[in-house]
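Asker: can you look at this prediction? I've put the sequence above it.
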Amino acid sequence: MAKKITKKVKVQIPAGKATPAPPLGPALGQAGVNIGDFVTKFNAATSKMMGDTVGVIITVYEDRSYDFVIKTPPVAGLLFKAAGISKGSGKPNTSKAGSITKAQLKEIAEKKLPDLNAKDIEGAMKIVAGSARQAGIEIKG
């Protein structure tokens, strides 16, 4: 028999650097999850992605057990890292914050493809290019 789900918690945490401190601790505490156990499992699972912020969906069951799914880092974070900037442009249509190459765009699209609503790499590239345009990042070459 399938376990009954009591709660789903969505959080964004730096990969490999989860701590029981807020905002993670209170969110997990309210859901009835063993915080220390989750932190050790999450840090072990994301040790290869160090430096990125990743989305996590934690499914909590009736018996207080849980599963978690690690998503890929947000597109904006990947774009900013590729362009070497800390934040996007306040006026993306008039002033540009930075630029990336088509190769970098394709690399980001390939990394994000599992979490995007796209059939192929070209569709994923269009989605990522739209995010870049909104952040004021130019795509060259």
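Answerer: Cool, got the structure. Numbering: from 1, shown residues only.

Asker: CA only for contacts and neighbour counts going forward, please
Answerer: Noted.

Asker: give the contact list for Ala27.
Answerer: Counting by Cα atoms under 8 Å, 6 or more residues apart in numbering, Ala27 makes contact with Val9.

Asker: gap between the residue nearest the centre of the chain and Ile35?
Answerer: In the chain, the centroid-proximal residue (Cα atoms, centre = their mean) is Pro73; its distance is 2.8 Å. From Pro73 over to Ile35 the distance is 22 Å, taken as Cα to Cα, to the nearest Å.

Asker: what do you get for Glu122?
Answerer: 40 Å.

Asker: same question, Glu62
Answerer: 16 Å.

Asker: which one of these two is surrounded by more residues?
Answerer: Counted by other Cα atoms under 10 Å, Glu62 and Ile35 do not tie: Ile35 has more neighbours, with 18 against 12.

Asker: for that one, what are phi and psi?
Answerer: phi -60, psi -50 (degrees, to the nearest 10).

Asker: domain-wise, how is this protein divided?
Answerer: Annotated domains of the chain cover 5-70, 75-140 [automatic domain parsing].

Asker: can you give me the end-to-end distance of the first one?
Answerer: I take that to be domain 5-70. 18 Å.

Asker: I figured Glu138 was touching Ser99, is that so?
Answerer: Yes. In this structure, Glu138 is within contact of Ser99 by Cα atoms under 8 Å, at 4.4 Å.

Asker: buried ones in the longest helix that the chain contains?
Answerer: Counting by DSSP state H, the longest helix found in the chain is helix 121-135. Neighbour-count burial for helix 121-135 flags Ala124, Met125, Ile127, Val128, Ala129, Ala132, Arg133, Gln134, Ala135 (criterion: 16 or more other Cα atoms under 10 Å).

Asker: which pair in those spans the largest distance?
Answerer: Within these, Ala124 and Ala135 form the most distant pair, 16.9 Å apart (Cα to Cα).

Asker: looks to me like Gly51 is in a strand.
Answerer: No. Secondary structure of Gly51 (DSSP: H, G, I helix; E, B strand; the rest coil): coil, not part of a strand.

Asker: run a quick neighbour tally on it.
Answerer: Neighbour tally, Gly51, other Cα under 10 Å: 12.
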